[in-house]
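A.B. asks: Here's my sequence, what's the structure:
(one chain, ligands or ions: 2)
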Amino acid sequence: MGSEEAGTGGLARYALPRARAGESVGLLGGSFDPAHEGHAHITREALRRFGLDQVWWVVSPGNPLKAKGPATLAHRMARARAVMDHPRVTVTDIETRIGTRYTAQTLRRLRRLYPGVRFVWLMGADNLAQLHRWQDWQQIMESVPVGVLARPGQRISARASKAARIYRHAKLPARAARALAAGQPPRWCFVNVPMIDMSSTRIRRTGGWTRQGSEIVMPARL
Ligand SMILES: Nc1ncnc2c1ncn2[C@@H]1O[C@H](COP(=O)(O)OP(=O)(O)OP(=O)(O)O)[C@@H](O)[C@H]1O
Ligand SMILES: O=C(O)c1ccc[n+]([C@@H]2O[C@H](COP(=O)([O-])O)[C@@H](O)[C@H]2O)c1
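C.D. replies: Numbering: from 1, shown residues only. Ligands and ions are numbered 1, 2, ... in the order given. Presented below is the predicted three-dimensional model:
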């Protein structure tokens, strides 16, 4: 792996990620406001369960559906890098640098920028439940394989979601998860990984700590 400067002036603080044709790259898009151990956990699970070569954390300029803007990109990037330190994971601000915000748009650009790379869109189950509200969401389903990871309290809503219903014919069984990246979309797979009950909302509300039973848990590597 490795990286190269993209020559985008002030935005080139972080390098563009590098991928070779034929490699499978999972894209975990998110606000990461802030990044937490739940993100790191599903990333390790995605690498393993879907047999991916890499995962890129695509730190969004801002979720188009969220009215309130997130913390600054520089702040979220720095925190994401501190939380996710893995040789096959890259934290990137690529959407800001290529000027996209909507996922369908981002995927179109990435597929042109990285010909031959097998991208897989990754998300937690809560996002599958909302996917039908995203711009050109069916285009997303038709353009890249989608890997969905279980999230506490979200399995039922994800399974009953509009996207799951419309694309039920394209669902791979979890036992075939490793084949996800290799085939033609539409194809998606839900994997029932062990779950970590953490969210950025809760960290923002509590100032960092969460409660698990009687225990106070601090986010990993704050
Ligand atoms: N604990 C978790 N388990 C499974 N998936 C998760 C978890 N936390 C985040 N994700 C997934 O990671 C991606 C990025 O998440 P995001 O940055 O929105 O974090 P979040 O904790 O969901 O934030 P917020 O509470 O602000 O909505 C999304 O696809 C989301 O579903
Ligand atoms: O494209 C859209 O319409 C769209 C709507 C909502 C969310 N997304 C993307 O979904 C990812 C998760 O967003 P978030 O804020 O829940 O972390 C992130 O990459 C967003 O850009 C994309």
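A.B. asks: Please report phi then psi for the residue of the chain found nearest ligand 2.
C.D. replies: Nearest residue of the chain to ligand 2, counting by Cβ to the nearest ligand atom: residue 29, 2.2 Å away. No exception for glycine: its C-beta is placed from N, CA and C like everyone else's. Note on residue 29: backbone dihedrals following degrees, to the nearest 10 are phi -80, psi 140.
A.B. asks: beta partners of it?
C.D. replies: Beta bridges link residue 29 to residue 58, judged by DSSP bridges.
A.B. asks: need the contact list for it.
C.D. replies: Shown in contact with residue 29 (Cβ atoms under 8 Å, 6 or more residues apart in numbering): 58, 60, 95, 103, 106, 121-123.
A.B. asks: could you measure it against residue 207, distance?
C.D. replies: For residue 29, the distance to residue 207 under the criterion Cβ to Cβ, to the nearest Å works out to 26 Å.
A.B. asks: again with residue 163
C.D. replies: Separation of residue 163 from residue 207 (Cβ to Cβ): 34 Å.
A.B. asks: who has more neighbours, those two?
C.D. replies: Taking neighbours as other Cβ atoms under 10 Å, residue 163 and residue 207 compare with residue 163 leading, 23 against 6.
A.B. asks: which residue packs closest to that one, ignoring adjacent ones?
C.D. replies: Using Cβ to Cβ, 6 or more residues apart in numbering and skipping residues adjacent in sequence, the residue nearest residue 163 is residue 131, 4.2 Å away.
A.B. asks: ok, that neighbour touching residue 158?
C.D. replies: No - applying Cβ atoms under 8 Å, one finds residue 131 not in contact with residue 158, separated by 9.1 Å.
A.B. asks: Just the pLDDT for residue 154.
C.D. replies: Residue-level confidence at residue 154 comes out at 89, pLDDT.
A.B. asks: Now do the contacts for it.
C.D. replies: Remark: with contacts taken as Cβ under 8 Å, 6+ apart, residue 154 is in contact with 124-126, 129.
A.B. asks: and this protein, which of its residues are near ligand 1?
C.D. replies: Selection of the chain residues close to ligand 1 by Cβ under 6 Å from any ligand atom yields 28, 30-33, 38-39, 42, 123-124, 126-127, 149, 151, 195-196, 198-201.
A.B. asks: which intervals of the protein have sub-threshold pLDDT?
C.D. replies: Per-residue confidence for the chain (pLDDT under 70) gives these ranges: 1-14, 208-222.
A.B. asks: As a check, name the ranges of all helices in it.
C.D. replies: 37-49, 73-83, 94-98, 103-113, 125-130, 137-143, 155-159, 162-166, 200-206 (DSSP state H).
A.B. asks: closest one to residue 173 among the ones you listed?
C.D. replies: Of all the helices of the chain, it is helix 37-49 that lies closest to residue 173, at 12.4 Å by Cβ to Cβ.
A.B. asks: could you give the angle of the closest one to helix 73-83?
C.D. replies: Per axes from the mean of the first three to the mean of the last three Cα atoms, to 10 degrees, the angle that helix 37-49 makes with helix 73-83 is 60 degrees.
A.B. asks: what comes up buried for helix 37-49?
C.D. replies: Within helix 37-49, the residues scored as buried using 16 or more other Cβ atoms under 10 Å are 37-43, 45-47, 49.
A.B. asks: and if you look at stretch 149-159?
C.D. replies: Across stretch 149-159, burial judged by 16+ other Cβ under 10 Å covers 149-151, 154-155, 158-159.
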